[in-house]
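Sharing a model that was predicted from the sequence below.
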Amino acid sequence: MTMLKESTILHLRFPFSIFLMPIYFFALSQSMAVDPINMILSYVILHLFVYPASNGFNSYYDKDEESIGALEKPPPVSEELLFVSLMMDAVALVLAAIIGWQFTIMVFIYGMISKAYSHPAVRLKKYPMGGWITAIIFQGSYTYFMVYMAINDLNITEIFTPDILFPATISTVLLGGFYPITQIYQHNEDRKRGDKTLSLLLGIQNTFFFAGMMFLIADLGFLFYFVSYFSIFPFLILQIFLLPVLYFFVQWFRKSLQDVDEVNFRNTMRMNLIASSSLIAYFIFFIIYF
């Protein structure tokens with residue numbers, strides 16, 4: 001990595017992977033027959049190669065001048081960024097082949113969809129509902145399926161059961177709330193490029209309302225899931241872990257009503273970090289105690 005330009009390393013945005021990490025730990029916490037090698041390998045493939053490669057590819061075509069996820073002051077991009085992103089995708093596929101051909105195909109499809117999000121030939125980012133639905137399905141339930149299949153060393157035909165479909169669906173709903181929040185401070189940049197994101201379509205205040213509604217639906221999903229397959233106790237513990245998220249979200253919304261400048265990069269990253277850390281901590285707690 002030391003041979004790469006600083007701008008390339010920054011645009012890969014490795015820290016941003018933490019915001020997608022809860023889905024991995026959710027799938028891990030619900031896994032019944034963990035394959036240790038696949039567990040480690042799938043984590044490395046997604047968080048050290050697939051996600052950073054996607055970040056770099058999208059940054060190359062977005063050419064953002066204002067703050068983006070996990071990067072407050074993005075430097076100009078170079079051709080090296082595109083090359084490195086594609087090479088990281090290739091490495092991810094080689095490593096995925098160790099787990100199995102079905103997992104490899106799923107990783108490949110994920111990579112292609114993530115490229116379609118920003119590539120000018122498709123640019124799903126331009127479409128508020130299409131971009132949102134695509135992002136939350138592939139970063140939510142699709143990733144849950146992909147991780148669960150790898151960790152438990154299953155075939156793709158074995159993952160379409162109610163006990164796996166249920167949490168996978170919750171993952172998508174959860175991402176459905178987080179995703180517009182990640183776009184809430186980028187309205188000027190998106191408007192300038194002609195990208196009609198869901199958050200831009202909703203506006204700042206309605207983005208908060210929409211995200212809150214999706215979080216509530218996801219929480220109810222957790223309630224039904226845990227009661228159906230475990231007991232009420234894991235759900236009640238989850239509420240304790242989510243208290244910091246609820247507190248920050250409500251306070252941030254209240255401040256934004258008084259001063260729209262509160263809707264900025266730093267508060268958005270704080271919200272995402274608190275939420276991701278709380279969920280990761282809970283799923284690790286679940287692994288240990290349940």
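Received it, and whenever you're ready, just let me know what you need.

and L4, what are its phi and psi?
Main-chain dihedrals, L4, degrees, to the nearest 10: phi -90, psi 160.

Please determine how far it is located from Y127.
L4 is 33 Å from Y127, where distance means CB to CB, to the nearest Å. Where C-beta positions appear, they are placed from N, C-alpha and C, glycine not excepted.

Looking at these two, which is more packed in?
Y127 (17 against 14; other CB atoms under 10 Å).

who's in contact with that one?
Going by CB atoms under 8 Å, 6 or more residues apart in numbering, Y127 touches K196.

For M271, the count of nearby residues, please.
Per other CB under 10 Å, the neighbour tally for M271 reads 19.

So for the helix or strand in which it is found, mean pLDDT?
Per DSSP states H and E, M271 falls inside helix 265-289. For helix 265-289, the mean per-residue pLDDT is 97.

Same check on stretch 185-200?
The average pLDDT for stretch 185-200 rounds to 87.

Show me the strands in the stretch 101-250 of the chain, by range?
With DSSP state E, counting those that start in this stretch, there are no strands along the stretch 101-250 of the chain.

Please identify the buried residues of the helix or strand bottoming out on mean pLDDT in the chain?
None of the helices or strands of the chain scores lower by mean pLDDT, DSSP states H and E than helix 187-193, at a mean of 84. By neighbour count on 16 or more other CB atoms under 10 Å, the buried set for helix 187-193 is H187, E189, D190, R193.

Nearest to R13 among the residues you listed?
R13 has its nearest neighbour among these in E189, at 15.9 Å by CB to CB.

Export the buried residues of helix 187-193 to a markdown table and append columns for distance to F14.
A markdown table is the format used below for those (distance: CB to CB, whole Å):
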| residue | distance to F14 |
| --- | --- |
| H187 | 26 |
| E189 | 22 |
| D190 | 24 |
| R193 | 25 |
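
Can you pick out the most distant pair from these?
Applying CB to CB across the buried residues of helix 187-193, the maximum distance is between H187 and R193, 11.1 Å.

A96 contacts Y110, correct?
No - in terms of CB atoms under 8 Å, A96 does not count as a neighbour of Y110; the distance is 10.1 Å.

Compare these two (neighbour count), which wins?
A96 (25 against 21).

how far away is the more buried one from K5?
Here the criterion is CB to CB. By it, A96 lies 27 Å from K5.

again with V263
V263 is 32 Å from K5, where distance means CB to CB.

Likewise for S256?
36 Å.

So which of these two has more stuff around it?
Shown here are S256 and K5; by other CB under 10 Å, S256 has more neighbours (19 against 14).

and stretch 268-285, which residues are buried?
For stretch 268-285, a neighbour-count test (16+ other CB under 10 Å) marks 268-269, 271-272, 274-280, 282-283, 285 as buried.

Oops, could you answer that again for stretch 7-24 instead?
Applying 16+ other CB under 10 Å to stretch 7-24 flags 7-13, 16-24 as buried.

With stretch 65-73 instead?
S67, I68, G69, A70, L71.

Which member of those residues is positioned nearest D219?
Of these, the one sitting nearest to D219 (CB to CB) turns out to be G69, at 24.0 Å.

which residues does the residue nearest to the closest one when sequence neighbours are not counted contact?
Excluding its sequence neighbours, the residue lying closest to G69 (CB to CB, 6 or more residues apart in numbering) is F16, at 5.0 Å. Contact partners of F16, counting by CB under 8 Å, 6+ apart, are Y51, P52, N55, G69, A70, L71.

Between those, which sits nearest E79?
N55 (16.6 Å).

For the stretch 101-250 of the chain, which residues score under the pLDDT cut-off?
Under the criterion pLDDT under 70, no range of the stretch 101-250 of the chain is flagged.

mind listing the helices for it?
Here the stretch 101-250 of the chain has its helices, by DSSP state H, counting those that start in this stretch, at 101-118, 128-136, 142-151, 162-183, 187-193, 198-202, 204-229, 232-258.
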